[in-house]
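In: Show me the folded form of this:
(one chain, ligands or ions: 1)
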Amino acid sequence: MTASPKSPNRWSLSIGDLTQAAVFAALIAALGLPGTITIGTSGVPITFQSLGVILAGAVLGPRKGTLAVVIFMVLAIAGLPILSGGRNGLTALSSPTAGYFIGFLPAVIVIGVLTAMMVSTGSTGGSTGSGKYRVLWGIAINALGGIVVLYACGVAGLLIRTDLTVWAAIATNGSFIPGDIAKCVVAALVAAQVHRGRPGLIEPLRARRSGSVAG
Ligand SMILES: O=C(O)CCCC[C@@H]1SC[C@@H]2NC(=O)N[C@@H]21
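Out: Okay, the predicted model is just below:
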């Protein structure tokens, strides 16, 4: 009796998947190199690293995108100075940016899941993973994860780590909004190009059947 090949399930990761996640983890770290600008007194900097997080979800989807952010966060918490301004994860967790740092995770999950739903239910119908990436929907999804979810986590962290009132903590985000909208647009445009050239990069949310396209 010959053993039938094991069909991949949604939790299995190929070397290619790991490589893609590692490249995006490195991208997020590299986006911290330009340094930081801190506006106001909250201690929360303007950073390009949230662009990397948004890109990870929009380009790689929920599994690989989340893995990329987890790799980045684990390395930062392990002490590597890969957060903007040369900080590490432990410094961030004990600072006013703690909520934003932790929020990178729910942000990439929300963006990845919603992006996967969008590209899985395209013109072909059904969950084939070969649907079309729509830029306007992509911008909205990026804003939901990269602004609404990320800011909500950030505000929670500010309330825990500072003496700011709820309104002052919410108002802290005001100066980030223009730049963060630009990040959502840029990430959606990049993701649209990538998904046009590489359909199937994001796997459908449902478990893969053998013979389907792997990312
Ligand atoms: O380095 C850290 O510890 C996290 C920094 C988080 C900065 C947040 S992310 C959302 C908002 N947009 C920015 O450019 N900065 C803040």
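In: what residues does the host helix or strand of residue 171 touch?
Out: Using DSSP states H and E, residue 171 maps to helix 166-172. By Cβ atoms under 8 Å, 6 or more residues apart in numbering, the residues outside helix 166-172 that reach it are 40, 42, 44, 151, 154, 155, 158, 159, 162, 164. The C-beta positions use only the backbone N, C-alpha and C, and glycine is treated the same way.
In: and the last one, how many residues sit next to it?
Out: Yep, that's residue 164 we're talking about. 17 (other Cβ atoms under 10 Å).
In: next one: the first one
Out: Counted with other Cβ under 10 Å, residues neighbouring residue 40 total 11.
In: Counting neighbours, which bits of the helix holding residue 171 end up buried?
Out: 168, 169, 170, 172 (16 or more other Cβ atoms under 10 Å).
In: what's the distance between the first one and the ligand?
Out: Using Cβ to the nearest ligand atom, to the nearest Å, one gets 15 Å for the distance from residue 168 to the ligand.
In: same check, this time on the third one
Out: With the distance defined as Cβ to the nearest ligand atom, residue 170 ends up 13 Å from the ligand.
In: what's the answer for the second one, then?
Out: As for residue 169, its distance to the ligand is 12 Å (criterion: Cβ to the nearest ligand atom).
In: swap in residue 60?
Out: Distance of residue 60 to the ligand, computed by Cβ to the nearest ligand atom: 19 Å.
In: In three-state terms, label that residue for me.
Out: Look at residue 60: counting by DSSP: H, G, I helix; E, B strand; the rest coil, its state is helix.
In: show me the contacts for it.
Out: By Cβ under 8 Å, 6+ apart, residue 60 lies in contact with 20, 21, 24, 68, 112, 201, 202, 215.
In: Recalculate using a threshold of 10 Å.
Out: 17, 20-21, 23-24, 66-69, 108, 111-112, 115-116, 191, 194, 201-203, 215 (Cβ atoms under 10 Å, 6 or more residues apart in numbering).
In: just to revisit the earlier point, would CSV of the contacts of helix 166-172 with distance to residue 185, pLDDT and secondary structure be doable?
Out: CSV is the format used below for the contacts of helix 166-172 (distance: Cβ to Cβ, whole Å; pLDDT from 0 to 100; DSSP: H, G, I helix; E, B strand; the rest coil):
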residue, distance to residue 185, pLDDT, secondary structure
40, 24, 75, coil
42, 25, 78, coil
44, 22, 93, coil
151, 17, 98, helix
154, 20, 98, helix
155, 23, 98, helix
158, 26, 97, helix
159, 30, 97, helix
162, 30, 96, coil
164, 29, 95, coil
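In: what's the farthest-apart pair in these?
Out: Pairwise distances among these were taken by Cβ to Cβ; the largest, 16.2 Å, belongs to 40 and 159.
In: all helices for the chain, in order.
Out: Under the criterion DSSP state H, the chain carries helices at the ranges 15-30, 49-55, 61-77, 89-93, 98-120, 135-143, 150-161, 166-172, 177-197.
In: The ligand contacts on this protein?
Out: Residues of the chain lying near the ligand by Cβ under 6 Å from any ligand atom: 44-47, 50, 83-84, 92, 97, 100-101, 150, 154, 176, 179-180.
In: Most neighbours of all these, which one?
Out: That'd be residue 150 among those, by other Cβ under 10 Å, with 29 neighbours.
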